[in-house]
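[1] sequence and predicted structure below; questions after.
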Amino acid sequence: MKITLESTTKIVELATGHLPVHVRIWEGHTESGIPVHAYIARLAAPQDADQSQFLRELQECRSPSADVAAIPLRLIL
């Protein structure tokens, strides 16, 4: 499966039973067009690579869709 994702400004806290984890919600779609959203806590590029472009692009975030904006700021897993 291939998924295309875009970063949004929406950040939520996942209560996992231990320490809370803050995650950014990314929105996108599968190759066949099915809408998805992902809860991403960490994103990294190889340390030996030039990360300047990666870090600039990582700062780009769009406003979340209405569905994602409605997700509560605290989720319990």
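    That came in fine, so what should we check first? Numbering: from 1, shown residues only.
[2] show residues contacting the longest helix along the chain.
    Secondary structure of the chain per DSSP state H: the longest helix is helix 52-58. Applying CB atoms under 8 Å, 6 or more residues apart in numbering, the contact partners of helix 52-58 are 7, 43, 45. Yep, even glycine has a C-beta here, placed from its N, CA and C like the rest.
[3] so how do I select the buried members of these in ChimeraX?
    Selecting the buried subset of these in ChimeraX, with 16 or more other CB atoms under 10 Å as the burial test, is done by:
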select :7
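[4] pull out the buried positions in the following helix or strand past the longest helix of the chain.
    Proceeding N to C from helix 52-58, the next assigned helix or strand is helix 66-69, under DSSP states H and E. By neighbour count on 16+ other CB under 10 Å, the buried set for helix 66-69 is Val68.
[5] stretch 20-37 now?
    23-27, 37.
[6] give me the mean pLDDT for the longest strand along the chain.
    For the chain, the longest strand by residue count, based on DSSP state E, is strand 3-15. Averaging the model's pLDDT scores along strand 3-15 yields 95.
[7] okay, now the unreliable bits of this structure?
    77 (pLDDT under 70).
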